[in-house]
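S.K.: Could you work out the structure for the sequence below:
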Amino acid sequence: MQGGTFEYHKKLTQMASNNTSFKAGQSGNPAGGSKTRRIKKKLESLIEKALPRIEEELESASPDDRRSFFLDLAKITLPNKTQRV
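M.R.: Numbering: from 1, shown residues only. Presented below is the predicted three-dimensional model:
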């Protein structure tokens, strides 16, 4: 490789890394956790507040409706194998 070509490549590499690197003290996600995680926490909070009403509804629900409720709830509250927490 010729000296000029190497210097040109080195300069391009430095420019690219300066434009894409994180600044000292900054994370790559300044907004915090993922949107999915925030939505999940809000949903859990809503369920917690509505728990007395949910319990009342479940007592009067049919066995099939209860089973459907818990299966649907598990889908949105339990992590699946491909989802990171």
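S.K.: Give me the distance between residue 35 and residue 52.
M.R.: Going from residue 35 to residue 52 by CB to CB, to the nearest Å gives 29 Å. The way it works is simple: take the backbone N, C-alpha and C, and place the C-beta from them, glycine included.
S.K.: Same question for residue 80.
M.R.: 29 Å.
S.K.: Let me know the pLDDT of residue 76.
M.R.: Looking at residue 76, its pLDDT is 76.
S.K.: Go ahead and confirm it touches residue 42.
M.R.: No: judged on CB atoms under 8 Å, residue 76 makes no contact with residue 42 at a distance of 11.5 Å.
S.K.: Could you list the low-confidence segments of the chain?
M.R.: 1-4, 13-33, 81-85 (pLDDT under 70).
S.K.: all strands for it, in order.
M.R.: Taking DSSP state E as the criterion, the chain contains no strands.
S.K.: which residues in the protein form helices?
M.R.: Remark: helices assigned in the chain by DSSP state H are 3-20, 35-60, 63-77.
S.K.: Mind putting these into CSV with mean neighbour count?
M.R.: Listed next are those as CSV, based on neighbours: other CB atoms under 10 Å:
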stretch, mean neighbour count
helix 3-20, 9
helix 35-60, 11
helix 63-77, 11
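S.K.: Name all residues that make contact with the residue lying closest to residue 44 once chain neighbours are set aside.
M.R.: Spatial nearest neighbour of residue 44, chain neighbours left out: residue 77 (6.6 Å); criterion: CB to CB, 6 or more residues apart in numbering. Going by CB atoms under 8 Å, 6 or more residues apart in numbering, residue 77 touches 40, 43-44, 47.
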